[in-house]
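Undergrad: Got a predicted structure here, sequence first:
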Amino acid sequence: MKVAIIGGGISGLSAAYYLEQERAAGAPVEYSLFESANRLGGVMFSDRVGDCLVEGGPDSFLTEKPWASQLCAELGIAGDLIGSNDSERITYIVVKGKLVPMPDGLMFMVPTKLIPTALTSLFSWSTKFKMLGELLHPPRPVGKDETVAQLVERHFGAEVVDRLADPLLSGVYGGCASSLSVRAVLPKFVEMEEHYGSLCRAMLAARNRLAAMRKAGSYKPKPLFSSLKGGMQQMVDAIVARLNPQNLHTSTSVSQLAPKSGGWELVTSRGPEKFDGVIFATPARIASKMLANINAQLSDDLGKVEYSSSITITLGYLREQLKRCPPGFGFLVPRSEGTRMLATTYVHTKFPFRAPDDKALLRCFLGGASDPDVLKLSDEEVTALVRKELKQIIGLSANPWFVKVYRWDRAMAQYTPGHLERIERISATLKQMGNLSIAGNFYKGIGVPDCVRTGKEAALHMASLARDGQSVKA
Ligand SMILES: Cc1cc2nc3c(=O)[nH]c(=O)nc-3n(C[C@H](O)[C@H](O)[C@H](O)COP(=O)(O)OP(=O)(O)OC[C@H]3O[C@@H](n4cnc5c(N)ncnc54)[C@H](O)[C@@H]3O)c2cc1C
């Protein structure tokens, strides 16, 4: 069975890796991967500037989601996995131009400790009273999908949406709390509301369960984020090293797809080619376009997935230039502060192996769903803007010794209300079609581990079709 993989980001590369493993284990399967850019990895890209490591796209992944670390173990690079320096983890929120540390006991955006919540200047007294009253929230049956902002506001009020939900979600999804689906993005919150009513009581119960497991030795806390000594690019390079270079076609865009004698004909810049199965690992809009004349409903559902664009900019400093910078992982900026910068990470503090002891790296994030025009700014304008805002927020006016700007056009899928229903319909149609699969950050989770998972699942599906000798008609 010949399988085409369209897209060579981490989703498509994971599909290729697991197809290669299946082939090596005897599945009668071959694959070709087509990537329109001249390099593999998609938004996963690490750069070196002198002795500093700079991430253009993702800088890490959530440790608790296993698929990326499992892949690293299979690739033989588990020894290079590094954890975030959680003992130094202080994250600040900018409130009226000042950095306010997130209070101790805040689990995602839910307070679980009374005294730090009472003493913090992150929330007004009316929000604090609302948080106390939240403990009495009655259980609520799961209803129609709603936005994260609607659920959070119901429990804690609008200030928590502005100061916590929005900044936290713009960091992860490049999206706004008022447009992301709570069922898709925070399903645990929906479950907690259904069973406990109060999110605070539910989080307290979860915290107590973890404490008991810790005491019994059945739970060992892991670093929140994992990365690799050589940067996220190390994962890309390790996958590519395991693949046959003849199967990898960079600078080769796929422009058309058509059903042909039980399989598919793909048109690429190399001309038409026939395959028995296809894995789409592109943004949903690309798959939507190619499927328009093949399955209207599938194409329509894929076409409805929205994306946001972003810019990351890393500025290199000497450590002594940041003497006045408060310690920690960095800060998040609520949109109500009126800056364009959404977040800044102190990379040299968050991870080891990123900068030598005398150097510091600040990585700022701009764009997201609320600022679609960010890509119109030139590199010079982005740099000037970020430097002005760093001066306003942390008083940093020193000249960086380098600046690197990376642009990601419509790269972050937005899980808007109704997303899960769309994905269910997409999955059901793909099941019927059989020899067409999908992987990518719009499918089952935005982060790197979920992209690896979707690539793996698509590959295993194709390998099982190959093993069964099936060829289901499109
Ligand atoms: C700035 C930024 C920071 C992030 N930070 C984190 C983080 O810290 N942790 C985390 O877990 N996740 C993070 N994410 C999310 C995560 O990195 C992405 O969701 C994931 O890498 C997407 O991988 P992908 O392969 O699905 O898509 P992509 O990387 O977008 O790859 C899709 C590929 O398809 C190719 N393509 C498109 N059309 C065609 C065509 N017609 N023919 C051939 N090829 C085509 C594209 O060129 C591209 O290379 C971040 C994302 C961004 C943008």
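TA: Perfect, I can see it now.

Undergrad: How about the residues of the protein by the ligand?
TA: Residues of the chain lying near the ligand by Cβ under 6 Å from any ligand atom: 6-12, 34-37, 42-44, 57-61, 253-254, 281-282, 286, 310, 312, 408, 411-412, 440-441, 446-448, 451. Any C-beta I mention is one placed from the backbone N, CA and C, and that applies to glycine too.

Undergrad: Report pLDDT for Gln470.
TA: Gln470 is assigned 49 on the pLDDT scale.

Undergrad: Ignore what I typed, I meant Arg183.
TA: At Arg183, pLDDT is 96.

Undergrad: Against Val148, how distant is it?
TA: Distance, Arg183 to Val148, by Cβ to Cβ, to the nearest Å: 10 Å.

Undergrad: Run through the bridge partners of Val3.
TA: Assessed by DSSP bridges, Val3 has beta-bridge partners Tyr31, Gly277.

Undergrad: Touching, it and Pro28? I think so.
TA: No - in this structure, Val3 is not within contact of Pro28 by Cβ atoms under 8 Å, at 11.0 Å.

Undergrad: per-residue confidence at the closest residue to Asn435 other than its chain neighbours?
TA: Leaving aside its sequence neighbours, Asn435 sits nearest to Gly277 (Cβ to Cβ, 6 or more residues apart in numbering; 4.2 Å). At Gly277, the model reports a pLDDT of 97.

Undergrad: Provide a list of residues in contact with Gly277.
TA: Neighbouring residues of Gly277 by Cβ atoms under 8 Å, 6 or more residues apart in numbering: 1-4, 263-264, 435-437, 462, 465-466.

Undergrad: Could you check how far it is from the ligand?
TA: 16 Å (Cβ to the nearest ligand atom, to the nearest Å).

Undergrad: How much space separates that residue from Gly434?
TA: Distance, Gly277 to Gly434, by Cβ to Cβ: 8 Å.

Undergrad: Now for these two: what residues contact both?
TA: Common contact partners of Gly277 and Gly434 (Cβ under 8 Å, 6+ apart): Leu465.

Undergrad: circling back to that earlier point, give me the buried subset of the residues of the chain next to the ligand.
TA: With burial judged by 16 or more other Cβ atoms under 10 Å, the buried subset of the residues of the chain next to the ligand is 6-12, 34-36, 42-44, 57-61, 253-254, 281-282, 286, 310, 312, 408, 411-412, 440-441, 446-448, 451.

Undergrad: which ones among those are found in helices?
TA: With DSSP state H as the criterion, helices contain 10-12, 286, 448, 451 from among those.

Undergrad: Name the nearest of those residues relative to Lys128.
TA: Using Cβ to Cβ, Val448 comes nearest to Lys128 of those, at 36.3 Å.

Undergrad: Now do the closest one against Ile93, distance only.
TA: Taken as Cβ to Cβ, the span from Val448 to Ile93 is 25 Å.

Undergrad: And for Gly263?
TA: For Gly263, the distance to Ile93 - Cβ to Cβ - is 53 Å.

Undergrad: Over to Val405. Which of the three states is it?
TA: strand (DSSP: H, G, I helix; E, B strand; the rest coil).

Undergrad: Isn't it up against Asp379?
TA: Yes - between Val405 and Asp379 a contact is recorded at 4.5 Å, counting by Cβ under 8 Å.

Undergrad: Give the residue from those two that has the larger number of neighbours.
TA: Val405 (20 against 14; other Cβ atoms under 10 Å).

Undergrad: got the contact list for the more buried one?
TA: By Cβ under 8 Å, 6+ apart, the residues touching Val405 are 311-313, 379, 382-383.

Undergrad: Kindly indicate which of those residues lies nearest Ser226.
TA: Checking those against Ser226 by Cβ to Cβ gives Thr312 as the nearest, at 18.9 Å.

Undergrad: Can you tell me, leaving aside adjacent residues, what's nearest to the closest one?
TA: Closest residue to Thr312 apart from its sequence neighbours, by Cβ to Cβ, 6+ apart: Tyr406 at 4.9 Å.

Undergrad: Could you count how many residues lie near that neighbour?
TA: Neighbour count for Tyr406, taken as other Cβ under 10 Å: 18.

Undergrad: Show me where the stretch 351-474 of the chain dips below the pLDDT cut-off.
TA: 470-474 (pLDDT under 70).

Undergrad: For His14, which non-adjacent residue is closest in space?
TA: Slight slip there: residue 14 is Ser, not His. Distances taken as Cβ to Cβ, 6+ apart place Gly455 nearest to Ser14, at 2.9 Å, with adjacent residues excluded.

Undergrad: packing partners for the helix or strand harbouring the one you found?
TA: Per DSSP states H and E: Gly455 is located in helix 448-468. Judged by 3 or more Cβ pairs under 8 Å, 6 or more residues apart in numbering; DSSP states H and E, helix 448-468 is in contact with helix 10-24, strand 61-62, helix 67-74, strand 277-280, strand 436-438.

Undergrad: Alright, calling it a day.
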